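Visitor: Can you look at this prediction? I've put the sequence above it.
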Amino acid sequence: MSKLFCSYTLKDIELKNRIVMAPMCMDSSEDGYVNDWHFIHYGTRAIGGVGLIIVEATGIEPGGRITDKDLGIWDDSQIDGLKKIVDNCHKNGSKIGIQINHSGRKSEVTSHPIIAPSAIAFNDSYRVPSEMTKADIKTTVHQFKAASERALKAGFDLLEIHGAHGYLISQFLSPLTNKRTDEYGGTPENRVRFLREVIREVKTVWPETKPLLLRISAEDYNEGGNNSKVMAQLINLIKAEGIDMVDVSTGGVVPAKINTYPGYQIKPSEIIKNNCGIPTIAGGLITDALMAEEVLNNNRADLVFLGRELLRNPYWPLTAAKMLDENITWPIQYERSKSVRKGGF
């Protein structure tokens, strides 16, 4: 059997395959609430056979959203809509997680002030953030905890803390964006302190039996920034706090030219997996089932994520199974199309 379609167990969840839908902002929410678009979007990928769906970056507070069209999880009234997504995906055979996020200096929500480790704008078109006070840090850590508790009430199978793409946690981790001179800046031990505090608070409400993931940017693509080996060192400083898997991405911390190509983020995943002894999810312009199979069989990652390819083709797992000669179960409503007869009927 192909490895892509082997099951995978992480804590209390068993995935039917190793295909992950990466969290991708849909910019379709009003005031942070779920609507019909989200039900259809996520439900369709569950019908299409994705093993694990991770819901888009979801703001832990209104000003922490990337845009004012992001989903939110800062109020109890948002739980019911998220639960409907969860129940729909479960009904159609997929496990589902949610990525909780604070965007820090990259927030485009102009109705709220922005905060960051240091008062440095992302570029000339972004606002200059206020440097976070100790009180700001404490408040934000609590907001991550409260969001995690709501995610649990909504029934998500796993939780992913967004520490990538130049958003708030990523800003603390990178020396390019963290110029603090107190205990939250400078050394690797200090730059990882905010993330450690977030994880510890989240773990007070997130069950030990349920997986906790961390998404990271393994490469800043800029001199003086983090690279995969430095990021592995940072992860090693906090993995014992309860991180079960690392979702490996790259970039977004500062403006940078990135040379992208199929599989461009696979090597960083391999470095982190080997140096940290922790399971990883890898991706980066993966479009082909054989490529995904190579990544898994060569132990470069434990799961593979697809992003844009699943936007183009929500039924990618079904076509991938055919390419790998796997006879998987199709939705009963679609079984008549599983085999193509002569003449195309």
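Guide: Received it, and whenever you're ready, just let me know what you need. Numbers count the residues shown, from 1 in each chain.
Visitor: Report the contact partners of D302.
Guide: Shown in contact with D302 (Cβ atoms under 8 Å, 6 or more residues apart in numbering): Y8, R18, M245, K273, P279, T280, I281, L296. (C-beta placed from N, C-alpha, C; glycine too.)
Visitor: swap in W330?
Guide: Shown in contact with W330 (Cβ under 8 Å, 6+ apart): G49, L318, S337, K338.
Visitor: Please name the spatially closest residue to N123 (chain neighbours excluded).
Guide: Closest residue in space to N123, ignoring its immediate chain neighbours: P255 at 5.3 Å, by Cβ to Cβ, 6 or more residues apart in numbering.
Visitor: which stretches of the protein have low pLDDT?
Guide: Counting by pLDDT under 70, the chain shows low-confidence ranges at 340-345.
Visitor: can you give me the helices for it?
Guide: Here the chain has its helices, by DSSP state H, at 36-47, 79-91, 134-154, 168-173, 188-191, 193-203, 228-238, 266-276, 289-297, 308-312, 316-323.
Visitor: From the contacts of D302, pick the one nearest I328.
Guide: Closest approach between the contacts of D302 and I328, by Cβ to Cβ: R18, at 12.6 Å.
Visitor: Look up how far G51 lies from the closest residue in space to that closest one that isn't next to it in sequence.
Guide: Spatially, and ignoring its direct neighbours in sequence, R18 is nearest to L303 (4.7 Å; Cβ to Cβ, 6+ apart). According to Cβ to Cβ, to the nearest Å, L303 and G51 sit 8 Å apart.
Visitor: overlap in contacts of those two?
Guide: With Cβ under 8 Å, 6+ apart, L303 and G51 have common neighbours Y8, L15, R18, I19, V20.
Visitor: Hmm, the fourth one is touching A320, no?
Guide: Yes. Contact between I19 and A320 holds when scored by Cβ atoms under 8 Å: they sit 7.4 Å apart.
Visitor: Between the two, which contacts overlap?
Guide: Counting by Cβ under 8 Å, 6+ apart, the residues touching both I19 and A320 are L4, A292.
Visitor: Count the neighbours of H41 for me.
Guide: Using other Cβ atoms under 10 Å, H41 has 19 neighbouring residues.
Visitor: whoops, D80 was the one
Guide: Using other Cβ under 10 Å, D80 has 12 other residues around it.
Visitor: Please list all residues in contact with it.
Guide: No contacts exist for D80 under Cβ under 8 Å, 6+ apart.
Visitor: Sweet, I'm off.
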